[in-house]
Each structure stands twice: as C-alpha cells, then as structure tokens.
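Engineer: Next come a sequence and a model predicted from it.
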Amino acid sequence: MLSLTIKEVSLALREGKISPIELCRKCLKRIKKTQHLNAYITVTEELALKQAEEAESRLLQGVYQGSPKGILDGIPFAVKDNFCTENIRTTCASRMLKDYLPPYNATVVQKLLDQGAVLVGKTNMDEFAMGSGSTDGVFGPVRNPWSYAAPYREQSGGADDDCDWVITGGSSGGSCAAVTSLTSFLALGSDTGGSTRNPGALCGAVALKPTYGLLSRHGLIPLVNSMDVPGIVTRSTSDAAIVLEVLQGRDLKDSTTVQSPTSHAGFSEDFDVHNLCVGIPKEYHAPGLSQETLAHWSRLADLLEGAGARVREVSLPHTQHSIVCYHVLCCAEVASNMARFDGLEYGHRSTEDSSTDAMYAASRHEGFNAVVRGRILSGNFFLLQQNYERYFLKAQQVRRLIAEDFEHVFSAGVDVLLTPSTLSDAASYSNFILEDNRTRSTQEDVFTQSANLAGLPAVSVPTALSSRGLPIGLQLIGPAFQDGMLLSVAHWIEQRVGFPSISNYEVPNK
C-alpha cells in the first residue's frame, strides 16, 4: 500500500480498501522502522492520527465538511523544516530556531491541509538550507535509504558501519529520504540552487522546481528571496503533477506569485514526443561528470531521438559564470535575511549580558553554524559600499545574461533541455565531509542553480541505478510556466526507463 501512487491510494481510500487511520499508522510505523535514516526532525504522530480520523469521518459519510477536500484527502505528507507550521516546531535544523513555534502555516502547507492531507512530520535538512548534502544540520546528517537497499549493500560487501552509508544530497535530503523510504507519499522541499533536485536525483525521487512565482513562498523561511521556490518531491511524475495543481496560484500574502497560467497545455500522461525539440547544452559537459552519468545522459537522448524527437546541441555561453554569480547573490541575500535573527524577538538568545552588542554577537555565534556564519560574512563583504558595484551589481548583470541565454535557446525552437542533475551518484558520507561546504555546494549545484537564476521550471527524474546500486537522475529544464509540459516529457521518460522502486528491496533496521 505504501508504494502506491497518490492516485492509486486515493482511489483505495474512497473505495474503502484501506482507511485513512490505517494508512497513517502504516506511515508512522514505517517512520519508526527507518529512524536510522534521520529523515525527520519532528514526527507529528498525535496530530497526524487526529487528521486521519477527520479524513476517515468525511470518507465514511461521503460528504465533505468544512473546507473543500480533494484527491489528497487522507494522504500522508511531510514538510521540510524551513516551512512554517502552526504550533509545530520549525527549526531550519539550527540551534537558532530549535524551539520556534510559528503562529501560522505556510501557504503551501495550508493548501495541502485544506485538501485533507495528513501531516506526519517535519523533515531534516542542512542548516537554514545552506548545503548540498543534508549533513550540516544541528540534528545530524540524513542517510540515503538506498544505503540499506540490496543493490548497494551487495556492491559494498554488505558492510553496515557508519563510514559505508551514502548521503542524500541537499538541502532537502530529509524530504527526499522520507518519500523514497515510503514514509510519506509526497513531501515539500525548498529549491534555491538545486536543493530539491539534487537530493531527488541521489535518492531516486521525482523532484520538481516549479517556475518562480507559480507557488507561494509565504511561510517559507527565506534563504534567497529572488530564487527560493517551494519544491515538490514525489515517487512519480503524475503525483508531482497532482500536487502542483493543488499548490499553484496567486497568493495575496506573496506579491511575487502569479495566477495559474491557462494558456499552456497541462500535464498529459499520453504526451507524444514526436517532433519535440530537445536541447543538449554543450556547457553541461562539466569537469567531474562521471562516465556513468554521461552514458545515461547519452542513452536517454538517443531514446528520445529514436521516438521521433529532434535532439540537437545548444549553447548557454554564460553558464561558465553562473556558479560565481550564484555564490555572490546567494551570500548577499543570506546576509540580509539572517540579520533578523538577533536574539531579541525570537530564536536563540545568549546568556551574555555585558552589552547589547555583545549579546547580539554571542547569540549569532552560538545560534548559527560555521557555514551560515561564513555566508553572512561573505554577503556583508559583497554589499559593502566600496564593493557593491564590483560584486553584487556585476552579478545581477551576469544573471540577466544567463536568463537571456535560456530565452535565446527556447525562442529558437527548443522545447526542453536535457541535462544531468548531479555529477555522479551519491558519495559516501566519509568522503563527502572531507571537503568544505562551499566547495561541495559549488560542485553539486553546477547543473541546477542556473534554472533558479533564470526562474525556470526544472525537474529531476530517476533514470537508472549505477554500478554501485545507487540512483542516477537526469534533469529537464523548460520555458517559464511550461511546468505541465515539462512533467509530461518527464512522464514519458519515466514510463520507458523503468526505474525500480525501493519497495523491491528490503530496507532493514540499522
């Protein structure tokens, strides 16, 4: 039951083949069984069972009461711990917010609740979403469920020590681990430079970064306001399309949102790729790209071409500058956003009381980890009056050029871009932590962050298991507000690559 799609389990609930309470208990039991993954910071067991009881009452009566309910009624879901949840601890995996209880729900969370979805917990992450491994949070690293599945265990000799498990990617690693390990049917992540697609690729989940402005950011604790997008993590593209339909649309609490577009085709399970024009960016043959990922990239391009799609090489010349551009803009906005955490109104407050300035400094030093402090310092440096034009303004100008590269490619007849999602499959934890966070993020975001700079939709789709028995994902990038078309192409790919569910393999207790 836990491995079914949202559409399948929703039908089963309505036909009475399983009850929402039974389904909720199965997920909660699964969370306990897989707690070695450290995917959750907070498990909302009591609330989840209450919501499941309400969903069961509605389904038994056959009449919806109160707010309108939909296809997600009774479906368990999880939320990354940087989305506000009313009276439920929201920590951003940081000591700074370890006891913070928001007084409201993020808009995307509220929309799921309004559909009758059942919240089972808040998922683990890199502190304040600054990282690409989900290893830097104050609650400890997240483990990739595939570390304990048969393919990887057989290739690694069946070892079960702490140095053997592999990372989820980040920063939405907890959300992707939750969906992959079958503890929730969908999860919300956040995507600023690839933070949903990166772990989606490494965990074998479908991870959608919608067009900027299509989903509300209200209640998402900000990292980089001009790039942050709520991400959708599911086990299938059709599930992602269902969730997107629920979450998209204008929000008066977020001035950057737009009305759901009606001028483009929506998601289709019968999409025909014949005559679809697929672009292969030559700049994405990046240093460090594994031969195995390259081979799967080429294989999928051949598969599309064999089905009648037109596949051609394209150029995004300013891609070479995107990592530096992203780093400058990210740090600058981080410095601005993190200024609100001063130890006064909310968040951690130091016991230092010699002066107000000393209390500020001590609270921020104690509340933030080294990664967050480093980005704040870098951002403040870039924003100094004498540095503003040299760094921040120049980065904004380069960002415009990067966006124009995409515009030129799509206006020339390309419908969708096919690229890798990550350089390789998941790294072992012991190897991953050898490098500093900035180096790791630069390497891991090389294929994903340019879509955030340009505000375009992008989705990572699992396509194969590597020779190590770990997922490899490929990415599709499309024109703005063509999210439905993008998911349709992704669905076509999904149906033909036959990526195996982790439910085919045992995920034992640690």
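Structural biologist: Good, I have the coordinates.
Engineer: Which parts of the stretch 401-510 of the chain are strands?
Structural biologist: Listed in chain order, the strands of the stretch 401-510 of the chain (DSSP state E, counting those that start in this stretch) span 416-420, 458-465, 471-477.
Engineer: would a markdown table of those with distance to His218 and mean pLDDT be doable?
Structural biologist: (C-beta placed from N, C-alpha, C; glycine too.) Shown next, in a markdown table, are the strands of the stretch 401-510 of the chain (distance: least, CB to CB, whole Å; pLDDT from 0 to 100):
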| stretch | distance to His218 | mean pLDDT |
| --- | --- | --- |
| strand 416-420 | 30 | 98 |
| strand 458-465 | 22 | 98 |
| strand 471-477 | 26 | 98 |
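Engineer: which stretch among those comes nearest Ile21?
Structural biologist: Evaluated with CB to CB, the strands of the stretch 401-510 of the chain place strand 458-465 nearest to Ile21, the distance being 31.2 Å.
Engineer: what's in contact with that closest one?
Structural biologist: 151, 196-198, 200-201, 204-209, 237, 240, 296, 300, 421, 448, 451, 471-478, 486-487, 490, 493-494, 497, 499-500 (CB atoms under 8 Å, 6 or more residues apart in numbering).
Engineer: how far is that strand from where the chain is centred?
Structural biologist: Distance of strand 458-465 from the chain centroid (CA atoms, centre = their mean, to the nearest Å) equals 13 Å.
Engineer: Could you point out which residue ranges in the stretch 51-200 of the chain have low pLDDT?
Structural biologist: 62-68, 158-163 (pLDDT under 70).
Engineer: residue ranges of the strands in it, please?
Structural biologist: 76-80, 118-123, 186-191.
Engineer: Include distance to Thr34 when you put these into a markdown table, please.
Structural biologist: Below are these laid out as a markdown table (distance: least, CB to CB, whole Å):
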| stretch | distance to Thr34 |
| --- | --- |
| strand 76-80 | 12 |
| strand 118-123 | 12 |
| strand 186-191 | 14 |
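Engineer: now for those, which one comes closest to Lys7?
Structural biologist: Per CB to CB, nearest to Lys7 of the strands of the stretch 51-200 of the chain: strand 186-191, 11.9 Å.
Engineer: May I have stretch 369-383 exported as CSV, CA atoms only?
Structural biologist: These are the backbone C-alpha positions of stretch 369-383, laid out as CSV (Å, rounded to 0.1, in the frame of the first residue of the first chain):
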residue,chain,number,x,y,z
ASN,A,369,26.9,27.0,12.5
ALA,A,370,30.2,27.9,10.6
VAL,A,371,28.6,27.5,7.2
VAL,A,372,25.9,30.1,7.9
ARG,A,373,28.3,32.5,9.6
GLY,A,374,30.6,32.2,6.6
ARG,A,375,27.9,33.1,4.1
ILE,A,376,26.8,36.0,6.2
LEU,A,377,30.3,37.4,6.4
SER,A,378,30.8,36.9,2.6
GLY,A,379,27.5,38.6,1.8
ASN,A,380,28.2,41.6,4.0
PHE,A,381,31.6,41.9,2.2
PHE,A,382,29.9,41.9,-1.2
LEU,A,383,27.4,44.5,0.0
